[in-house]
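Chemist: Fold the following for me, if possible:
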Amino acid sequence: MTDSKYFTTTKKGEIFELKAELNSDKKEKKKEAVKKVIASMTVGKDVSALFPDVVNCMQTDNLELKKLVYLYLMNYAKSQPDMAIMAVNTFVKDCEDPNPLIRALAVRTMGCIRVDKITEYLCEPLRKCLKDEDPYVRKTAAVCVAKLHDINAQLVEDQGFLDTLKDLISDSNPMVVANAVAALSEIAESHPSSNLLDLNPQSINKLLTALNECTEWGQIFILDCLANYTPKDDREAQSICERVTPRLSHANSAVVLSAVKVLMKFMEMLSKDLDYYGTLLKKLAPPLVTLLSAEPELQYVALRNINLIVQKRPEILKHEMKVFFVKYNDPIYVKLEKLDIMIRLASQANIAQVLAELKEYATEVDVDFVRKAVRAIGRCAIKVEQSAERCVSTLLDLIQTKVNYVVQEAIVVIKDIFRKYPNKYESVIATLCENLDSLDEPEARAAMIWIVGEYAERIDNADELLESFLEGFHDESTQVQLQLLTGIVKLFLKKPTETQELVQQVLSLATQDSDNPDLRDRGYIYWRLLSTDPVAAKEVVLAEKPLISEETDLIEPTLLDELICYIGTLASVYHKPPSAFVEGGRGVVHKSLPPRTASSESAESPETAPAGAPPGEQPDVIPAQGDLLGDLLNLDLGPPVSGPPLTTSSVQMGAVDLLGGGLDSLMGDEPEGIGGTNFVAPPTAAVPASLGAPIGSGLSDLFDLTSGVGTLSGSYVAPKAVWLPAMKAKGLEISGTFTRQVGSISMDLQLTNKALQVMTDFAIQFNRNSFGLAPAAPLQVHAPLSPNQTVEISLPLSTVGSVMKMEPLNNLQVAVKNNIDVFYFSTLYPLHILFVEDGKMDRQMFLATWKDIPNENEAQFQIRDCPLNAEAVSSKLQSSNIFTVAKRNVEGQDMLYQSLKLTNGIWVLAELRIQPGNPSCTLSLKCRAPEVSQHVYQAYETILKN
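Modeler: Numbers count the residues shown, from 1 in each chain. I've put the predicted structure just below:
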């Protein structure tokens, strides 16, 4: 008879009867009673009242009965801690039992009783079991240490169990080694700061030896531990890879993925020129392909991992396209994942095969799958240029099927093809327009409107088509409304005479009748652009579009590197780092791939630095700046990307109303000194103060630009200073200075290699700063930098980077990467490199602006030891773009009135008093952003004294 009888009972006073049976003299009766108790416990009845009686049954040689009692004990020890102490004696006894199974059972149960009071009593028995002669007991005791550490970490450390665990890594039995590694990894994860798994080549060797002989789960623990080790050089990395490779042919898919993780990580350190590197790539393909013959759930996990591997190293599976072809009986989640990988592997060599396959998929019955297949055809066209024509004709064939959802997806992807290959496939527009009425999905409608607006000059009835969409404007989704607004404005700029009514209609719908802020804002911007300057509107709205990139859904490189370190775990299925989904983030350590050691990788693009550089290696010149360093550390050090200028710069420094202007008591009662008549500030209507417009935009007539161009001699250049000493950058010394010549700013660098190894793969990145300084080109070091070699580089800078106010204002934080590491330093740039060439203000404007700036914004400084006369001062300052607007003599003093403009549009007005024969002069500065005054004074002093 089965054990089900224990779960069926109709008796009353059950607890009382069980109590009697538990105290029976007959062993069989006792065993039956304990089984009944466990059955009641399993179905949720409270049998804690029987605790003392059940514990009494522990004194037995019967292994089955012992297991049942231990099971009961684990369940109720927490609610009855005082009673549980009664059992301690038995544990101590059982830990010395001649039968190793009983010793192991006792130590396993000890670990599961999570009661603080008891733990200290268990230390002695555990210590004995860790040194037990039987490996089964030792391996069980190793796991018990991890459980005990979770209950009371301090106790485990005080008792020296962690050292005993470390010793078990050298155990003769592979299973003991695996469990010791698992326990240490578990403890290390919850205490990231403790360096428990202090791996060195000797301990790695022991782990690799144990790897061949332990069970499959033991192998996974060891492989995961190996993945956290960073070899000291490429030779060691290769030797570990050679010993891990046989695991790729294991039957358990978890072992295979763990081995793949180790190899993917250590391949980073191998040079691509090595024969072994090629061999390893070939060996990685078959096991990954084999995983795809498992059941669908396993296939899905394998495919999610392969997706990451293909993004990192597409060459591994480039010849294995066929295994990713979809089978008719694959579940949808496997089909979609396979499609994704097919596109990633698509290349000129296999595109014909892929397209034929995708066209087939587009006629399937599964709607989601068909949609993704149609999108995939578009992505292939964008990725492989030679196939674009074939892809477009395939999409046209699919549109002819008139299947609604196929047509809509095809239109969405054709829009992207037009963006990638302008003026090539526009002949298909007529076919697209035929299907206008069948579009009911927002994305497809928006795509069609974009096409009509973008190519309005080629479509005779473009206005009618867009008008048909306008009829139900308020019922459309936001995406369609925004696109319709832009489309009609484009149409108006191309055919102004025929579409004036249409554009007014859409502008009033978007601004007056809409409550969507995005739509209203865009409507108002277009309205104002069209009403004030149609030429500018044309340049903005019909500007040339940047080509779209081929792979838009690639995972960001730093995240990809981190996910590669988590192959075979949940993170690799979610494609998110553990910190994104592990509650509380306890013990989540950010991992990254090891840096390359092989110098032959100079052609590689600069890869991201390991995120956690030890604090000791960072130069201490960086002033504390909140968590700004975090920004630099998380940067993906690639070539800088220039973007549109950030208008936040002026906002950061106090709003700049350029045209408010005026000259206060400086001119006192004799304003004639500048122009001969009394000036009135210009009426605000002439230039609306709300226009924080860039000065060049249509306001240039207000400034005497022609005479304000700086001389070609260029501004003062400070001598190079050491910014990063060699001892703080592993042998790399960086000196530099900043220059401005004919309107362009550059950072002149001198890199010296004082290390013993060649340096390559240089890249540079700036942190956000007050004036948006950023590299305008990659750091070009054309040849590897040999030991004791110095190279001079001029790095052009732009002022369109991200803006953030720094302390001090001219602080610049820089990260420089090479093949050795990433290094950080900060430097102060002289403000005069930001003085622009059109900084000469019109006299009347100067007077009005000076008066308009509040008196509290005025700052006075003394410049000592400056024996120059007014003429010499004026010409010296003009070469650094500080322009003299007017000059006069008052009571024997020369007064120079000067203006300068910063790259972010801030104007600074100055009055310089020079007393002939006196080496000191007085500088008064007025500015709407008073925080720049101190730095402008420093610039004056630097220029005049050098």
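
Chemist: all helices of the stretch 101-250 of the chain, in order?
Modeler: Assigned by DSSP state H, counting those that start in this stretch, the helices in the stretch 101-250 of the chain fall at 116-130, 135-151, 153-158, 161-168, 174-190, 201-211, 216-227, 234-244.

Chemist: What helices and strands are in contact with the first one?
Modeler: Applying 3 or more Cβ pairs under 8 Å, 6 or more residues apart in numbering; DSSP states H and E, we find helix 116-130 packed against helix 81-84, helix 88-94, helix 100-112, helix 135-151, helix 153-158, helix 161-168. C-beta: built from backbone N, CA, C; applies to glycine.

Chemist: change it to 7 Å
Modeler: If contacts are counted by 3 or more Cβ pairs under 7 Å, 6 or more residues apart in numbering; DSSP states H and E, helix 116-130 sits against helix 88-94, helix 100-112, helix 135-151.

Chemist: Lys359: what's it in contact with?
Modeler: Counting by Cβ atoms under 7 Å, 6 or more residues apart in numbering, Lys359 makes contact with Thr394.

Chemist: Give the next helix or strand downstream of whichever strand or helix holds it.
Modeler: In this structure, Lys359 is located in helix 351-361 according to DSSP states H and E. Once the chain leaves helix 351-361, the next helix or strand it forms, by DSSP H and E, is helix 367-383.

Chemist: which intervals of the stretch 601-750 of the chain have sub-threshold pLDDT?
Modeler: Where the stretch 601-750 of the chain drops to pLDDT under 70, the residues are 601-714.

Chemist: Recalculate using a threshold of 80.
Modeler: Residue ranges of the stretch 601-750 of the chain with pLDDT under 80: 601-715.

Chemist: Please, which helix or strand holds Lys261?
Modeler: Applying DSSP H and E as the criterion places Lys261 in helix 253-267.

Chemist: what's the angle between that helix and helix 201-211?
Modeler: Interaxial angle, helix 253-267 versus helix 201-211 (axes from the mean of the first three to the mean of the last three Cα atoms, to 10 degrees): 150 degrees.

Chemist: between helix 253-267 and helix 234-244, how big is the angle?
Modeler: Going by the same axes, to 10 degrees, helix 253-267 is angled at 160 degrees with respect to helix 234-244.

Chemist: Using CSV, write down the CA coordinates of helix 253-267.
Modeler: The C-alpha coordinates for helix 253-267 follow below in CSV (Å, rounded to 0.1, in the frame of the first residue of the first chain):
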residue,chain,number,x,y,z
SER,A,253,23.2,22.4,-21.7
ALA,A,254,23.9,24.4,-18.5
VAL,A,255,27.5,23.1,-18.5
VAL,A,256,27.8,24.0,-22.2
LEU,A,257,26.7,27.5,-21.7
SER,A,258,28.9,28.0,-18.6
ALA,A,259,31.9,26.8,-20.7
VAL,A,260,30.9,29.2,-23.5
LYS,A,261,30.8,32.0,-21.0
VAL,A,262,34.4,31.3,-19.8
LEU,A,263,35.7,31.0,-23.4
MET,A,264,33.9,34.2,-24.6
LYS,A,265,35.4,36.1,-21.7
PHE,A,266,38.9,34.8,-22.1
MET,A,267,38.9,35.2,-25.9
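
Chemist: Residues touching that helix, excluding its own?
Modeler: Contacts of helix 253-267 (Cβ under 7 Å, 6+ apart): 216, 219-220, 223-224, 226-227, 231, 237, 240-241, 244, 247-248, 250, 277, 280, 284, 287, 291, 294, 298, 302, 305, 309, 312, 564-565, 567-568, 593-594.

Chemist: Now the buried members of those.
Modeler: Buried residues within those, counting neighbours by 16 or more other Cβ atoms under 10 Å: 219-220, 223-224, 226-227, 231, 237, 240-241, 244, 247-248, 250, 277, 280, 284, 287, 291, 302, 305, 309, 312, 564-565, 567-568, 593-594.

Chemist: what about the stretch 801-946 of the chain, any weak spots by pLDDT?
Modeler: Across the stretch 801-946 of the chain, the ranges flagged by pLDDT under 80 are 867.

Chemist: got the residue ranges for the helices in it?
Modeler: For the stretch 801-946 of the chain, helices defined by DSSP H, counting those that start in this stretch occupy the ranges 843-852, 870-878, 933-945.

Chemist: Mind putting those into TSV with distance to Val582 and mean neighbour count?
Modeler: Listed next are the helices of the stretch 801-946 of the chain as TSV, based on distance: least, Cβ to Cβ, whole Å; neighbours: other Cβ atoms under 10 Å:
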stretch	distance to Val582	mean neighbour count
helix 843-852	57	22
helix 870-878	60	18
helix 933-945	46	19
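
Chemist: Now distance to Gly378 too, for those, in TSV please.
Modeler: Converted to TSV, the helices of the stretch 801-946 of the chain look like this (distance: least, Cβ to Cβ, whole Å):
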stretch	distance to Gly378
helix 843-852	54
helix 870-878	57
helix 933-945	52
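
Chemist: For Leu63, find the nearest of those.
Modeler: Leu63 lies closest, by Cβ to Cβ, to one member of these: helix 933-945, at 82.4 Å.

Chemist: which helices and strands sit right next to the closest one?
Modeler: Packed against helix 933-945, as judged by 3+ Cβ pairs under 7 Å, 6+ apart, are the following elements: strand 858-863, helix 870-878, strand 921-927.

Chemist: Could you pull up the mean pLDDT of the helix holding Lys261?
Modeler: In this model, helix 253-267 carries a mean pLDDT of 91.

Chemist: tell me which residues of it are tucked away?
Modeler: For helix 253-267, a neighbour-count test (16+ other Cβ under 10 Å) marks 253-267 as buried.

Chemist: what's the answer for stretch 75-89, then?
Modeler: Using 16+ other Cβ under 10 Å as the test for burial, stretch 75-89 gives Asn75, Tyr76, Ala77, Gln80, Met83, Ala84, Ala87, Val88.

Chemist: how much space between the residue nearest to Trp527 when sequence neighbours are not counted and Asp198?
Modeler: Nearest non-adjacent residue to Trp527, counting by Cβ to Cβ, 6 or more residues apart in numbering: Leu507, 5.1 Å away. Distance from Leu507 to Asp198, counting by Cβ to Cβ, to the nearest Å: 69 Å.

Chemist: same deal with Asn152?
Modeler: Distance of Asn152 to Asp198, given as Cβ to Cβ: 23 Å.

Chemist: What of Phe762?
Modeler: Note on Phe762: its distance to Asp198, by Cβ to Cβ, is 33 Å.

Chemist: out of the helices and strands packed on helix 933-945, which comes closest to Lys402?
Modeler: Ranking the helices and strands packed on helix 933-945 by proximity to Lys402 (Cβ to Cβ) places strand 921-927 first, at 66.6 Å.

Chemist: can I get the CA coordinates of that closest one in CSV?
Modeler: C-alpha atoms of strand 921-927 as CSV (Å, rounded to 0.1, in the frame of the first residue of the first chain):
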residue,chain,number,x,y,z
CYS,A,921,45.1,99.4,-13.9
THR,A,922,41.5,98.9,-12.8
LEU,A,923,39.1,96.6,-14.6
SER,A,924,35.3,96.8,-14.2
LEU,A,925,33.3,94.0,-15.6
LYS,A,926,29.5,93.7,-16.2
CYS,A,927,27.8,90.6,-17.3
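
Chemist: Measure how buried Val43 is and give me the count.
Modeler: 8 (other Cβ atoms under 10 Å).

Chemist: Quick check: it vs Ala763, distance?
Modeler: 65 Å.

Chemist: same thing with Ala146?
Modeler: Counting by Cβ to Cβ, the gap from Ala146 to Ala763 is 42 Å.
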